[in-house]
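Enquirer: 3D, please:
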Amino acid sequence: MFTYGAFQLFLKFSVPVIPSLAIIAVFLGILILNKQVVPFYVILSFLGIFLMSYVSFNVFYVFLSFVLGLMSHIILDMFTGRGVALFSPLYSKKFGKKMLIFLIILWMMGLIWFYI
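Expert: Next comes the predicted model:
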């Protein structure tokens, strides 16, 4: 919601799309990331924003990025020795690498079924 609101505010003040996305990316990087990672993040986000031939803002892409980030965080936590309580607070069992392998196989089967 912050990203969408900030983008709408920049549009209201007639700031072009590319600089407004760059400002939002830098602000979010400083706010969320570790200070040691921020310079790399800023460089990569500027490369991504300024080198794209067509840059637009789409709420669907923001939502998709949020969901992908959430899912990747859960998946990477499954690689740890402690595992993840996927169904907490309903079910307290923690799932680890075995469940991850099962989910990857299930995902691959879904992709094959969808594309064939």
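
Enquirer: Could you look up the SS state of the spatially most central residue of the chain?
Expert: A centroid search over the chain (Cα atoms, centre = their mean) returns residue 69, at 3.2 Å, as the residue closest to the centre. Classification of residue 69 into helix, strand or coil gives helix, according to DSSP: H, G, I helix; E, B strand; the rest coil.

Enquirer: which other helices and strands contact the worst-scoring helix or strand of the chain on mean pLDDT?
Expert: Counting by mean pLDDT, DSSP states H and E, the chain has its least confident helix or strand at helix 59-78, which shows a mean of 79. For helix 59-78, the elements it packs on are helix 2-12, helix 97-115, judged by 3 or more Cβ pairs under 8 Å, 6 or more residues apart in numbering; DSSP states H and E. Using the backbone N, CA and C atoms, a C-beta is placed for each residue, glycine as well.

Enquirer: In the protein, where is pLDDT below threshold?
Expert: The model of the chain has pLDDT under 70 over residues 55.

Enquirer: Centre of it to the edge, which residue is at the far end?
Expert: Of all residues in the chain, residue 116 sits farthest from the chain's C-alpha centroid, using Cα atoms, centre = their mean; the distance is 28.1 Å.

Enquirer: rewinding a little: looking at the helices and strands packed on helix 59-78, which is buried most?
Expert: Neighbour counts (mean count of other Cβ atoms under 10 Å) averaged over each of the helices and strands packed on helix 59-78 peak at helix 2-12, with a mean of 13.

Enquirer: where's residue 48 relative to residue 56, distance?
Expert: When distances are taken as Cβ to Cβ, to the nearest Å, residue 48 and residue 56 turn out to be 13 Å apart.

Enquirer: More neighbours: the two, which one.
Expert: Neighbours of residue 48 and residue 56, each counted by other Cβ atoms under 10 Å, are more numerous for residue 48; the result is 13 against 8.
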